[in-house]
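this one's sequence-less:
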Ligand code: UD1
């Protein structure tokens, strides 16, 4: 039997990208496996996504766990080298921009295994963001650059990447969204929480630049405390953020605010049951900026920049930064019914994973020289 193509997953935002890729390879009768580095390991951050999205168990689970960037990246590299030497995949697919993504791309490249990067070409132009380093380095290493939208093609061309390496395949996370939305909406999490559809906002917050800086974190929480006076907030709390809240005075206030529902991290279906019925979403996540655009729900991005500008140009996203006045102003606009309308970008159509399989198989038939 042919050696399987391997897709690497590590952290939460990888799972919804790998699920449709695996399904599309399976449907095409092509051997494909998922290898999990274990960067995220809690049941709520990892296992529940495999269950919700009908993914098979990973063929290898490495159990790398948390650590500094250097430690985590190095552990992933050491583990994956063994896996690749043993399994000899014809290609390694990496998704997104987490530490496992760049670590896998580096190991495969040195073993002369071609690499495809799904979600290539996104740039925030903020070099202090660990994901920006991961994105840029992964794109240097990848042989095949599979982009979600045309702005990413332009970024890659500007960096001198050959046009024959770049394929705009569309947004694979939206494949997962379109496929699973009916199942998510069979659940009524808002009702379980005593909330009416369209009468609450979702909040997520986990970027180191927001939660690891006490002043920024306090400013953000202050603005959100004002917003919860006008509309209930549902806040699934990332483990990193939970820790920071314990260390902060405003964090304590936040935990006891009457109109904020703090919950543990949610699975995909529960999260989408809530998000798809929200009045608006306040977030610093990357993926959620895209999901809200696809769902036509106003999104306020609590960051100074975005690597996903198409969600602003065409979608429902407004990058509001971390200035409390601006956050309040934009949130109240949405509550007044003046939220940003938008449309779903081209190729966010549920078929990105099929295009990924085609691009990968074409590459394997006639590989593209890097030079
Ligand atoms: C990682 C990604 C980020 C992504 C995010 C989604 C990198 C550089 N960052 O950030 O791009 O948006 O995942 O969540 O790869 N922890 C747990 N349980 C877990 C995982 C983590 O409790 O299953 C805690 C640990 O205390 C850990 C901290 O969360 O130290 C941060 O985890 P880590 O994987 O280092 O980064 P994230 O902030 O999750």
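Here it is on my side, so go on. All values derive from a computational prediction rather than experimental measurement. Residues are numbered from 1 along each chain as shown.

alongside the ligand, which residues does the stretch 151-300 of the chain contribute?
Proximity of the stretch 151-300 of the chain to the ligand is confined to 206, 238-240 under the rule Cβ under 6 Å from any ligand atom. (Glycine included, C-beta is placed from N, CA and C.)

and of those, the nearest to the ligand?
residue 239 (3.2 Å; Cβ to the nearest ligand atom).

tell me how many other residues crowd that closest one.
As a burial measure, residue 239 scores 15 neighbours (other Cβ atoms under 10 Å).

any idea how far it lies from residue 11?
Here the distance between residue 239 and residue 11 works out to 12 Å (Cβ to Cβ, to the nearest Å).

who touches both of these two?
residue 45 (Cβ atoms under 8 Å, 6 or more residues apart in numbering).

need the strands for this protein, in chain order.
Secondary structure of the chain (DSSP state E): strands at 5-9, 32-36, 60-61, 92-95, 115-118, 144-147, 166-168, 201-204, 233-236, 260-263, 280-283, 299-301, 317-319.

as a markdown table, those strands with mean neighbour count would be great.
What follows is the strands of the chain, written out as a markdown table (neighbours: other Cβ atoms under 10 Å):
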| stretch | mean neighbour count |
| --- | --- |
| strand 5-9 | 29 |
| strand 32-36 | 24 |
| strand 60-61 | 18 |
| strand 92-95 | 30 |
| strand 115-118 | 27 |
| strand 144-147 | 26 |
| strand 166-168 | 21 |
| strand 201-204 | 24 |
| strand 233-236 | 22 |
| strand 260-263 | 17 |
| strand 280-283 | 26 |
| strand 299-301 | 28 |
| strand 317-319 | 22 |
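
so can I have TSV of those strands showing mean pLDDT?
Shown next, in TSV, are the strands of the chain (pLDDT from 0 to 100):
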stretch	mean pLDDT
strand 5-9	98
strand 32-36	98
strand 60-61	98
strand 92-95	98
strand 115-118	98
strand 144-147	98
strand 166-168	98
strand 201-204	98
strand 233-236	98
strand 260-263	96
strand 280-283	98
strand 299-301	98
strand 317-319	98
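
how much space separates residue 92 from the ligand?
Going from residue 92 to the ligand by Cβ to the nearest ligand atom, to the nearest Å gives 17 Å.

nope, residue 177 is what I was after
Separation of residue 177 from the ligand (Cβ to the nearest ligand atom): 17 Å.

on the pLDDT front, check that residue for me.
For residue 177, the pLDDT comes out at 98.

could we number from 197 for the rest of this?
Taking 197 as the first residue, the last one we looked at is residue 373.

from what I see, it and residue 489 are in contact.
No: under the criterion of Cβ atoms under 8 Å, residue 373 makes no contact with residue 489, lying 10.4 Å away.

with neighbour numbers in mind, choose between these two.
Just comparing residue 373 and residue 489: by other Cβ under 10 Å the higher neighbour count belongs to residue 489, 27 against 23.

who's in contact with that one?
The neighbourhood of residue 489, defined by Cβ under 8 Å, 6+ apart, consists of 495, 506-507, 510-513, 538, 540-541, 544.

just give the closest residue to it, not the sequence neighbours.
Leaving aside its sequence neighbours, residue 489 sits nearest to residue 511 (Cβ to Cβ, 6 or more residues apart in numbering; 2.8 Å).

quick revisit: and residue 273, which of the strands of the chain is closest to it?
When the strands of the chain are compared by Cβ to Cβ, strand 201-205 sits nearest residue 273, at 11.4 Å.

can you name every helix or strand that that closest one contacts?
Secondary-structure packing of strand 201-205 (3 or more Cβ pairs under 8 Å, 6 or more residues apart in numbering; DSSP states H and E): helix 208-223, strand 228-232, helix 265-283, strand 288-291, helix 295-306.

what's the weakest-modelled helix or strand in this protein?
helix 445-452 (a mean of 87; mean pLDDT, DSSP states H and E).

what residues does that one touch?
Here helix 445-452 makes contact (Cβ under 8 Å, 6+ apart) with 413-414, 417-418, 420-421, 440-441, 456, 458.

from the chain's centroid, how far away is it?
Relative to its chain's centre, helix 445-452 lies at 27 Å (Cα atoms, centre = their mean, to the nearest Å).

do the same with stretch 412-419
23 Å.

buried set for it?
Using 16 or more other Cβ atoms under 10 Å as the test for burial, stretch 412-419 gives 413-417, 419.

may I see those organised as CSV, with pLDDT added?
Converted to CSV, the buried residues of stretch 412-419 look like this (pLDDT from 0 to 100):
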residue, pLDDT
413, 95
414, 94
415, 95
416, 96
417, 95
419, 97
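
which of those residues fall in helices?
413-417, 419 (DSSP state H).

out of these, the closest to residue 318 would be?
residue 416 (23.4 Å).

before we move on, back to that, now the strands of the chain as CSV including distance to residue 325?
Putting the strands of the chain into CSV (distance: least, Cβ to Cβ, whole Å) gives the following:
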stretch, distance to residue 325
strand 201-205, 21
strand 228-232, 24
strand 256-257, 28
strand 288-291, 18
strand 311-314, 17
strand 340-343, 19
strand 362-364, 23
strand 397-400, 16
strand 429-432, 22
strand 456-459, 26
strand 476-479, 15
strand 495-497, 13
strand 513-515, 14
